[in-house]
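Engineer: sequence and predicted structure below; questions after.
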Amino acid sequence: MTPNPSPHHADITFAYQPIVDVVDRKTVSYEALVRGRANESAFKVFQRVEAVNLHSFDASCRVAAIELACHLGLPCDLNLNLLPRSLFSSPEAILSTIQAANLNHLALDRITLEVTEGEVIDDHAHFAQLLDEYRGLGIKISIDDFGAGHSGLNLLADLQPDQLKLDMTLVRNIASLGPRQSIVRAILGVCHDLGIDMIAEGVETLDEYAWFAEHGVRLFQGYLFAQPGFECLPQPSIPNPNPLLA
Amino acid sequence: MSELMHCIYASAAVHDYTTVELAKLLQRSQQNNQRCGVTGVLLYVEGNFFQVLEGRPADVIHTYEKISQDSRHTRVTRIISESIHRRAFSDWSMGFLSLSQQQLADMLGARDFSDRTQSIQPIVNGRARKLLEAFCEGRWRTKLPAPQQLFKMSA
Ligand SMILES: Cc1cc2nc3c(=O)[nH]c(=O)nc-3n(C[C@H](O)[C@H](O)[C@H](O)COP(=O)(O)O)c2cc1C
């Protein structure tokens, strides 16, 4: 049974994908991924949204994602997506998220807001200042698809998120591709220096997993661990990262 | 406006400090910090300082400005300055650790930071702790090389 949807989000629901800590061998968070009622993809769902409604839709997604996750007994953190421009469109964008968290007894320091690197606004300093206010409330900030946008490491000069999710194009086949390894090592160095957690996202093979594990990455998300669970919080499987070394 | 922030920096001592010099510096710091509600931790490892200052923004910024102009250290490098939800060192007007390379190695030998030393036990998970770990692992050491090392490098 799902909670009563408000008219705003009557035809959407969520799939949840775990983010795992392979050292502690546990799920540290679930990312909420929007879906249609019949499990249609996020892309299809967003196609149905008119441009003028985009930001209010984005905000209502977070509210609905919190409601369902808490209803399912969320035992850890929750990663929610945020369209960066929402922050400028109205304060409602975040106030409704905070209110939903309070109503569902989800402490704000269990929420991570994910912003896609490619969507970050050009005025990095202004953007960082807005996010810093949420940081003061305990909300964590994550940069999603890092390495796919045009701002790259430059962004970190003004904005130091709590978390950085590496873009899948950098993850794919990393174990055998020197240039990707070199870029990721550089990003890892910055993360280490600035106290940012790196999440290897879209990890699909043992080779990819082993490469990151050997380089000290402990947070993972991807099919290798668990597919997104439609209206449920799936348990991940955590394989031994070093089958060759064992 | 947020109510709490932290500022984290690293610097290099201009010479090797004696215990007495460090004790003096610390005593004055703790008195000042107590007065304005600033808390945090100061590490001294082989000529390198690393400090976390936390409190109300005006107090943290004022304290950092004073510190960054202090001639007893140089290469003052601000690493992070941001809002925080709660303090990581609420009981310490300025906790202090002076560690040798061996003590550091022992500390890092333990799997989890919180196991390594009693005095770092109360640190909550978060940026301050991660940066403290990074410093202990050798990041952000800005110490000037000794003259003979400089000479060797140019020879
Ligand atoms: C490495 C280092 C850390 C310091 N930490 C502090 C501190 O936490 N609080 C403080 O008030 N002063 C600190 N100081 C001292 C300040 O630079 C400055 O000398 C002092 O605040 C002046 O105090 P007064 O205004 O009472 O004379 C530190 C100095 C150094 C070199």
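Structural biologist: Looks like it arrived, so ask away. Numbers count the residues shown, from 1 in each chain, chains lettered A, B, ... in the order given.
Engineer: do a quick rundown of the strands in chain B.
Structural biologist: B:5-13, B:39-45, B:48-55, B:73-83, B:95-99 (DSSP state E).
Engineer: name the residues of the longest one that are buried.
Structural biologist: It refers to strand B:73-83. Within strand B:73-83, the residues scored as buried using 16 or more other C-beta atoms under 10 Å in any protein chain shown are B:73, B:76, B:79-83. Glycine gets a C-beta too; all of them are placed from N, C-alpha and C.
Engineer: can you narrow those down to the ones near chain A?
Structural biologist: Filtering those for proximity to chain A (criterion: C-beta under 8 Å from any C-beta of the partner chain) leaves B:79-80, B:82-83.
Engineer: ok, residue 25 - how many residues close by?
Structural biologist: Looking at chain A here, since you left the chain open. Neighbours of A:R25 under the rule other C-beta atoms under 10 Å in any protein chain shown: 9.
Engineer: hm, I was asking about chain B
Structural biologist: 19.
Engineer: again with the one 5 residues further on
Structural biologist: By the measure other C-beta under 10 Å, the count of residues near B:Q30 is 17.
Engineer: find the nearest non-adjacent residue to it, please.
Structural biologist: Nearest in space to B:Q30, with sequence neighbours left out and distances taken as C-beta to C-beta, 6 or more residues apart in numbering or on different chains, is B:S93 at 4.5 Å.
Engineer: if we can go back for a sec, out of the ones next to chain A among the buried residues of strand B:73-83, who's nearest the ligand?
Structural biologist: Checking these against the ligand by C-beta to the nearest ligand atom gives B:I79 as the nearest, at 14.1 Å.
Engineer: okay but that closest one is in contact with A:I196, surely?
Structural biologist: No. Assessed by C-beta atoms under 8 Å, B:I79 is found out of contact with A:I196, at 11.7 Å.
Engineer: where does pLDDT dip in the chain?
Structural biologist: Unless you meant another one, I'm taking chain A. Low-confidence regions of chain A, defined by pLDDT under 70, span residues A:1-9, A:241-246.
Engineer: my bad, chain B
Structural biologist: B:1-2, B:99-124, B:144-155.
Engineer: separation between B:W92 and chain A?
Structural biologist: B:W92 sits 19 Å away from chain A, going by C-beta to the nearest C-beta, to the nearest Å.
Engineer: do the same with B:D59
Structural biologist: 15 Å.
Engineer: and that residue, how many neighbours does it have?
Structural biologist: 18.
Engineer: same thing with B:N125?
Structural biologist: Using other C-beta under 10 Å, B:N125 is surrounded by 11 other residues.
Engineer: can you count the residues close to A:D77?
Structural biologist: 18.
Engineer: report the contact partners of it.
Structural biologist: Taking C-beta atoms under 8 Å, 6 or more residues apart in numbering or on different chains as the criterion, A:D77 is in contact with A:28-30, A:110-112, A:140.
Engineer: what sits closest to it if chain neighbours are left out?
Structural biologist: Using C-beta to C-beta, 6+ apart, the closest residue to A:D77 is A:S29 (3.7 Å).
Engineer: okay, and that neighbour sits in which element?
Structural biologist: Taking DSSP states H and E as the definition, A:S29 sits inside strand A:26-36.
Engineer: how about that strand: buried residues?
Structural biologist: Buried-residue list, strand A:26-36, by 16+ other C-beta under 10 Å: A:27-35.
Engineer: ok, so of those, who is nearest A:K165?
Structural biologist: Nearest to A:K165, judged by C-beta to C-beta, of these is A:E31 at 9.0 Å.
Engineer: can you report how many residues lie near the closest residue to the closest one other than its chain neighbours?
Structural biologist: Nearest residue to A:E31, sequence neighbours excluded (C-beta to C-beta, 6+ apart): A:N79, at 4.1 Å. A:N79 has 25 neighbours, counted by other C-beta under 10 Å.
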